[in-house]
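J.: Dropping the sequence and predicted coords here.
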Amino acid sequence: MTNGAAAAVAIANAIKASGVVVKVENKDFLSILQRTQSPLVVVAGKSIWLSSHKYLTSYKGLAFYTKSRDPLHLPGDVELVACKTIFIPS
(Lines give C-alpha, C1' and ligand atoms only; values in the text may rest on other atoms or scores of the structure.)
Protein backbone atom coordinates (compact mmCIF):
# COMPACT_ATOMS: atom_id res chain seq x y z
CA MET A 1 0.00 0.00 0.00
CA THR A 2 1.38 3.42 -0.93
CA ASN A 3 1.70 6.25 1.57
CA GLY A 4 -1.15 8.10 -0.17
CA ALA A 5 -3.45 5.08 0.04
CA ALA A 6 -2.54 4.52 3.69
CA ALA A 7 -3.33 8.17 4.45
CA ALA A 8 -6.70 7.88 2.68
CA VAL A 9 -7.57 4.79 4.75
CA ALA A 10 -6.55 6.58 7.97
CA ILE A 11 -8.74 9.58 7.10
CA ALA A 12 -11.71 7.35 6.26
CA ASN A 13 -11.31 5.50 9.56
CA ALA A 14 -11.15 8.79 11.49
CA ILE A 15 -14.37 9.98 9.85
CA LYS A 16 -16.11 6.70 10.72
CA ALA A 17 -14.96 6.96 14.33
CA SER A 18 -16.00 10.58 14.79
CA GLY A 19 -19.37 10.37 13.04
CA VAL A 20 -21.03 13.49 11.72
CA VAL A 21 -20.08 16.78 13.36
CA VAL A 22 -21.95 19.91 12.28
CA LYS A 23 -20.33 23.28 12.95
CA VAL A 24 -22.94 25.95 13.74
CA GLU A 25 -23.04 29.57 14.86
CA ASN A 26 -23.39 30.27 18.58
CA LYS A 27 -27.04 31.38 18.27
CA ASP A 28 -27.92 28.17 16.41
CA PHE A 29 -26.14 26.05 19.05
CA LEU A 30 -28.15 27.76 21.80
CA SER A 31 -31.34 27.22 19.78
CA ILE A 32 -30.61 23.49 19.59
CA LEU A 33 -30.14 23.39 23.37
CA GLN A 34 -33.55 25.07 23.82
CA ARG A 35 -35.17 22.25 21.79
CA THR A 36 -33.57 19.53 23.95
CA GLN A 37 -34.82 18.36 27.32
CA SER A 38 -31.87 18.21 29.78
CA PRO A 39 -29.13 18.56 27.13
CA LEU A 40 -25.61 17.31 27.70
CA VAL A 41 -22.87 19.73 26.62
CA VAL A 42 -19.15 18.99 26.51
CA VAL A 43 -17.16 22.19 27.00
CA ALA A 44 -13.48 23.02 26.70
CA GLY A 45 -12.83 26.39 28.32
CA LYS A 46 -10.48 29.14 27.25
CA SER A 47 -7.01 28.75 28.73
CA ILE A 48 -3.39 29.55 28.07
CA TRP A 49 -3.40 27.04 25.21
CA LEU A 50 -6.93 27.57 23.90
CA SER A 51 -8.01 30.86 22.31
CA SER A 52 -11.74 30.12 22.52
CA HIS A 53 -14.44 28.24 24.38
CA LYS A 54 -15.61 25.15 22.50
CA TYR A 55 -18.95 23.41 22.90
CA LEU A 56 -20.30 20.07 21.66
CA THR A 57 -23.76 18.52 22.01
CA SER A 58 -25.89 15.97 20.20
CA TYR A 59 -29.37 16.35 18.79
CA LYS A 60 -31.35 13.78 16.79
CA GLY A 61 -28.27 11.67 16.07
CA LEU A 62 -25.95 14.47 14.97
CA ALA A 63 -23.17 16.18 16.93
CA PHE A 64 -23.25 19.99 16.90
CA TYR A 65 -20.17 22.08 17.61
CA THR A 66 -19.50 25.77 18.11
CA LYS A 67 -16.76 27.95 19.52
CA SER A 68 -16.85 31.39 21.08
CA ARG A 69 -14.32 33.94 22.27
CA ASP A 70 -16.46 34.51 25.39
CA PRO A 71 -18.38 31.89 27.41
CA LEU A 72 -21.91 31.17 26.17
CA HIS A 73 -24.86 31.70 28.53
CA LEU A 74 -26.27 28.16 28.58
CA PRO A 75 -29.78 27.25 29.73
CA GLY A 76 -30.10 26.21 33.40
CA ASP A 77 -31.01 22.59 32.65
CA VAL A 78 -27.78 21.86 30.75
CA GLU A 79 -25.58 19.08 32.12
CA LEU A 80 -21.95 20.13 31.57
CA VAL A 81 -18.97 17.87 31.06
CA ALA A 82 -15.70 19.80 31.17
CA CYS A 83 -12.68 18.61 29.23
CA LYS A 84 -9.26 19.96 28.32
CA THR A 85 -9.79 20.04 24.57
CA ILE A 86 -12.35 19.22 21.91
CA PHE A 87 -10.82 18.01 18.66
CA ILE A 88 -12.96 18.25 15.54
CA PRO A 89 -11.42 16.66 12.42
CA SER A 90 -11.42 18.92 9.39
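T.: Done, it's in.

J.: quick one: residue 86 and residue 43, what's the gap?
T.: Residue 86 is 8 Å from residue 43, where distance means CB to CB, to the nearest Å. To be clear about C-beta, it is placed using only N, CA and C from the backbone, and glycine gets the same treatment.

J.: How about residue 68?
T.: From residue 68 across to residue 43, the span is 10 Å (CB to CB).

J.: what do those two both touch?
T.: 53, 55 (CB atoms under 8 Å, 6 or more residues apart in numbering).

J.: Which one's more surrounded, these two?
T.: residue 43 (18 against 14; other CB atoms under 10 Å).

J.: What is the subsequent helix or strand relative to the helix or strand of the chain with the lowest mean pLDDT?
T.: Ranked by mean pLDDT, DSSP states H and E, the weakest helix or strand in the chain is helix 3-18, scoring a mean of 60. Sequence-wise, the next helix or strand downstream of helix 3-18 (DSSP states H and E) is strand 21-23.
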